[in-house]
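J.: Mind looking at a prediction? Sequence and model below.
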Amino acid sequence: MRFFAGLLLSAVAILVTVGWLTPVGAQDTRGSNPHNLPETNLASEGPQAWHGGFDAPPGFAHATAARNPQAPDAKPVGEATCTACHSREQQNFAHTTHALGMRVALAADPSTATCEACHGAGSAHAENPTKKGLIIAFTHDGGTPIQTQTSSCLGCHAGGPRDHWTGSVHQRNDLSCSDCHNPMAKLSAEGLTAKQSINDTCATCHKDIRQQFNRRSHMPLPEGQMACVDCHNPHGTINAPLLKTNTVNETCYQCHAEKRGPFLFEHAPVRESCLNCHTPHGSNQHALLVAPVPMLCQQCHSHMRHPNDLFNEQMLATGAAPDERLMGRGCLSCHSQIHGSNNPSGPRFHK
Ligand code: HEC
Ligand code: HEC
Ligand code: HEC
Ligand code: HEC
Ligand code: HEC
Ligand code: HEC
Ligand code: HEC
Ligand code: HEC
Ligand code: HEC
Ligand code: HEC
């Protein structure tokens, strides 16, 4: 009796183990199966239609070919056909986030689009490879309109940080996703950027801005500790210079929280905008200032008590009439709490 019970128990154990080990692909029941890839909710409602319509939020699982209006009748041919002619591209692609994810999705569902999820159905191109437009190309002379290119990516990546892509300054200036991203090779540690780092990617077009970070005073961006995207969202925002936050000050407070206040005694221009005195990308003045002290202060404080002098070289430490308001740290020697004071006797920002 005990022997049969033991046999029964082991049989049950074996059956359970076998069921558990069955490969994901063998249990294809779209969506309802807990072993499917987690759904990546990357897209909002609209642009999914570009991928033929998903019944689930589009991740890699069950991806369909991107829609290419220039080859409406093309049929998907599958990755093996593409790589027969494009083996070198396939090798570079193999190390990327997309390739790794798509590999798993393809194993689970052999009809999943991989190359064609971005490049569109390829039968027309495979028959006539030199006719431009039949495949979604992301190069500027590839014959595919920018809008078709970006729609291909946005089919999976609309929404979130790209909520304001349409109408953004980069979209209006005809940038394609591929101006900053190269998903065909793993050139950067993360983000699939077209150059090794985010800063190098931006610098392909914004050399002047990148150059400003080489000035005497700068935040540690050339040192690799900050990136343009700490302050900007290149995909579009609701404000003009693509700032990640609603105002300049909110952007600065992300890291300089101690400047947020509120202070018992506020210095009005600090509350208004840090840019009244600082420049974000680099300055040849100390502390990223837009002008040297005391001239900086005197732009606003001129017709009152002691700042009412105009300074000249005679007032330098070596001059005929040295003035302490020009010497050393200038106004800051006394008005040191320039961003605001919490001291009961600090209304003039002395302490
Ligand atoms: C019969 C061989 C062949 C097959 C199959 C093929 N291609 Fe191509 N493909 C080519 C050739 C040749 C070119 C270069 C055309 C040119 O330079 O004008 C090319 C160009 C391209 C380009 C670059 C377009 C540009 O100008 O930037 C892309 C993208 C591309 N193919 C993707 C694919 C994909 C995806 C598949 C599978 C759906 C595929 N190809 C299947 C031969 C092929
Ligand atoms: C995630 C989207 C995506 C996937 C998936 C993808 N590609 Fe690409 N492909 C691109 C982009 C973007 C470019 C343009 C890269 C650039 O700026 O040079 C490109 C460029 C190409 C080119 C032109 C030559 C080059 O490297 O610039 C070929 C050929 C190509 N892809 C083939 C393939 C093949 C074959 C596959 C599948 C093994 C594939 N692609 C998968 C997005 C994709
Ligand atoms: C079939 C859907 C699909 C398409 C089409 C697609 N992607 Fe992706 N992409 C994904 C998924 C899923 C991830 C992984 C998301 C994650 O890890 O959160 C991803 C990741 C990324 C990442 C982040 C990579 C990283 O290492 O952090 C970038 C950048 C990206 N995609 C750009 C693009 C661009 C550019 C295109 C168009 C050329 C494109 N994608 C087309 C599904 C897609
Ligand atoms: C002007 C440059 C630029 C353009 C154009 C651009 N991106 Fe990006 N994108 C970036 C940078 C830089 C990052 C890296 C952010 C990071 O790693 O923190 C990024 C990150 C991403 C990511 C991964 C992180 C996330 O936000 O989920 C995805 C996905 C992505 N971009 C998709 C796209 C798509 C789709 C397009 C085209 C509609 C596009 N990007 C156009 C610069 C750009
Ligand atoms: C392919 C070229 C290109 C690349 C790469 C590029 N940009 Fe731009 N960017 C532009 C153009 C063009 C404009 C519009 C310039 C103008 O109107 O004067 C612009 C404008 C901007 C603006 C100003 C917005 C405004 O309203 O004044 C910011 C900020 C910006 N880009 C940030 C970035 C960042 C951050 C990156 C890297 C992630 C980047 N850009 C990469 C071409 C590029
Ligand atoms: C510390 C935050 C910060 C960082 C980091 C930063 N920016 Fe900016 N950026 C700003 C602010 C704030 C403005 C608005 C300046 C103004 O209105 O005078 C701006 C403006 C811009 C503009 C448009 C106005 C102009 O001066 O031409 C461009 C383009 C730009 N940034 C590109 C970049 C690029 C490229 C990088 C990386 C190399 C970068 N920024 C890094 C904060 C930053
Ligand atoms: C992503 C984080 C980050 C953001 C956002 C940021 N900063 Fe900074 N900032 C730093 C770091 C890091 C330093 C260097 C601190 C050090 O060396 O001790 C710095 C230094 C400074 C300095 C002193 C520079 C010097 O030469 O002494 C000023 C001024 C400054 N930031 C102003 C700003 C302003 C204005 C903004 C908003 C436009 C801003 N920061 C946004 C990280 C940031
Ligand atoms: C009225 C002009 C003025 C405004 C507005 C201003 N600052 Fe400053 N800031 C200065 C001066 C002057 C210094 C140099 C102080 C010194 O050398 O002791 C300085 C220094 C700094 C420093 C480096 C030294 C420190 O105190 O940490 C940071 C960081 C900084 N400011 C951030 C900000 C931020 C963030 C804002 C916006 C909330 C801002 N500043 C607004 C005048 C200003
Ligand atoms: C962009 C204009 C601007 C700049 C630059 C500026 N301030 Fe001010 N400052 C103001 C305003 C506005 C007030 C508030 C005046 C009021 O409440 O009557 C103020 C108030 C003050 C006060 C308190 C005076 C009082 O009556 O309460 C002192 C002290 C002061 N600033 C010193 C400085 C110093 C030192 C600098 C240079 C590092 C400087 N300010 C730069 C605009 C500026
Ligand atoms: C040697 C110390 C010292 C230096 C240097 C100094 N101040 Fe003052 N400042 C003071 C004192 C003390 C007061 C307060 C006077 C009072 O409360 O009656 C004051 C008051 C002020 C006020 C408020 C004036 C008013 O009408 O209420 C302003 C604005 C001001 N200083 C700006 C400046 C500027 C700008 C500089 C640099 C050009 C500067 N100070 C340099 C000590 C100094």
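T.: Cool, got the structure. Ligands and ions are numbered 1, 2, ... in the order given.
J.: Can you name the residues of the protein sitting close to ligand 7?
T.: By Cβ under 6 Å from any ligand atom, the residues of the chain that approach ligand 7 are 217, 219-220, 226, 230-231, 248, 251-252, 254-256, 274, 278, 280, 287-288. For every residue, glycine as well, the C-beta is placed using N, CA and C.
J.: residues near Arg88, how many?
T.: 9 (other Cβ atoms under 10 Å).
J.: Lys131 versus that one, what's the distance?
T.: Per Cβ to Cβ, to the nearest Å, Arg88 is found 21 Å from Lys131.
J.: same check, this time on Met295
T.: Distance from Met295 to Lys131, by Cβ to Cβ: 64 Å.
J.: And for the residue of the stretch 101-250 of the chain found nearest ligand 1, nearest residue in space, chain neighbours not counted?
T.: Per Cβ to the nearest ligand atom, the residue of the stretch 101-250 of the chain with the smallest distance to ligand 1 is Gly122, at 2.2 Å. In space, and not counting its chain neighbours, Gly122 is closest to Val77: 4.8 Å by Cβ to Cβ, 6 or more residues apart in numbering.
J.: correct me, but the one you found touches Ala124?
T.: No: between Val77 and Ala124 there is no contact under Cβ atoms under 8 Å: 9.6 Å.
J.: Near Leu154, how many other residues are there?
T.: As a burial measure, Leu154 scores 24 neighbours (other Cβ under 10 Å).
J.: And the helix or strand where it lies, what does it pack against?
T.: Element membership for Leu154 (DSSP states H and E) is helix 146-157. The contact analysis (3 or more Cβ pairs under 8 Å, 6 or more residues apart in numbering; DSSP states H and E) places helix 146-157 against helix 115-119, helix 177-180.
J.: Report the distance from the last one to the chain centre.
T.: Here helix 177-180 shows a centroid-to-chain-centroid distance of 12 Å under the convention Cα atoms, centre = their mean, to the nearest Å.
J.: That helix close to ligand 3?
T.: Yes: Helix 177-180 lies within reach of ligand 3 by Cβ under 6 Å from any ligand atom, at Cys177.
J.: could you say what helices and strands that helix packs with?
T.: helix 146-157.
J.: so Ala71 makes contact with Ala137?
T.: No: in terms of Cβ under 8 Å, Ala71 does not count as a neighbour of Ala137; the distance is 11.5 Å.
J.: what bits of this structure have low per-residue confidence?
T.: For the chain, residues meeting the criterion pLDDT under 70 lie at 1-58, 304, 307-308.
J.: Now do the helices in it.
T.: 2-21, 79-85, 87-93, 97-108, 115-119, 123-127, 146-157, 169-172, 177-180, 198-203, 207-212, 248-253, 268-272, 295-298 (DSSP state H).
J.: ok, now which ones touch the spatially closest residue to Gly340 that is not a sequence neighbour?
T.: Excluding the flanking residues, the one nearest Gly340 by Cβ to Cβ, 6+ apart is Phe263, at 3.2 Å. In this structure, Phe263 makes contact with His339, Gly340, Ser341, Asn342, judged by Cβ atoms under 8 Å, 6 or more residues apart in numbering.
J.: same deal with His281?
T.: Ile209, Gln212, Phe213, His218.
J.: between those, which is nearest ligand 3?
T.: Ile209 (21.8 Å).
J.: so that closest one makes contact with His218?
T.: No: using Cβ under 8 Å, Ile209 is not in contact with His218; the gap is 11.3 Å.
J.: More neighbours: which of these two?
T.: Remark: of Ile209 and His218, His218 carries more neighbours, 19 against 15, as counted by other Cβ under 10 Å.
J.: picking that back up, which of the residues of the chain next to ligand 7 are buried?
T.: Among the residues of the chain next to ligand 7, those buried by neighbour count (16 or more other Cβ atoms under 10 Å) are Met219, Met226, Cys231, Val248, Thr251, Cys252, Cys274, His278, Pro280, Leu288.
J.: what's near enough to touch the fifth one?
T.: Contacts here follow Cβ under 8 Å, 6+ apart; on that basis Thr251 touches Cys231, Leu243, Lys244, Thr245.
J.: Export the helices of the chain to JSON lines and append columns for distance to Pro322.
T.: Listed next are the helices of the chain as JSON lines, based on distance: least, Cβ to Cβ, whole Å:
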{"stretch": "helix 2-21", "distance to Pro322": "85"}
{"stretch": "helix 79-85", "distance to Pro322": "77"}
{"stretch": "helix 87-93", "distance to Pro322": "66"}
{"stretch": "helix 97-108", "distance to Pro322": "63"}
{"stretch": "helix 115-119", "distance to Pro322": "69"}
{"stretch": "helix 123-127", "distance to Pro322": "78"}
{"stretch": "helix 146-157", "distance to Pro322": "62"}
{"stretch": "helix 169-172", "distance to Pro322": "50"}
{"stretch": "helix 177-180", "distance to Pro322": "54"}
{"stretch": "helix 198-203", "distance to Pro322": "44"}
{"stretch": "helix 207-212", "distance to Pro322": "34"}
{"stretch": "helix 248-253", "distance to Pro322": "36"}
{"stretch": "helix 268-272", "distance to Pro322": "28"}
{"stretch": "helix 295-298", "distance to Pro322": "18"}
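J.: Out of those helices, which is closest to Leu192?
T.: helix 97-108 (6.4 Å; Cβ to Cβ).
J.: Next, work out how far apart His281 and ligand 9 are.
T.: 19 Å (Cβ to the nearest ligand atom, to the nearest Å).
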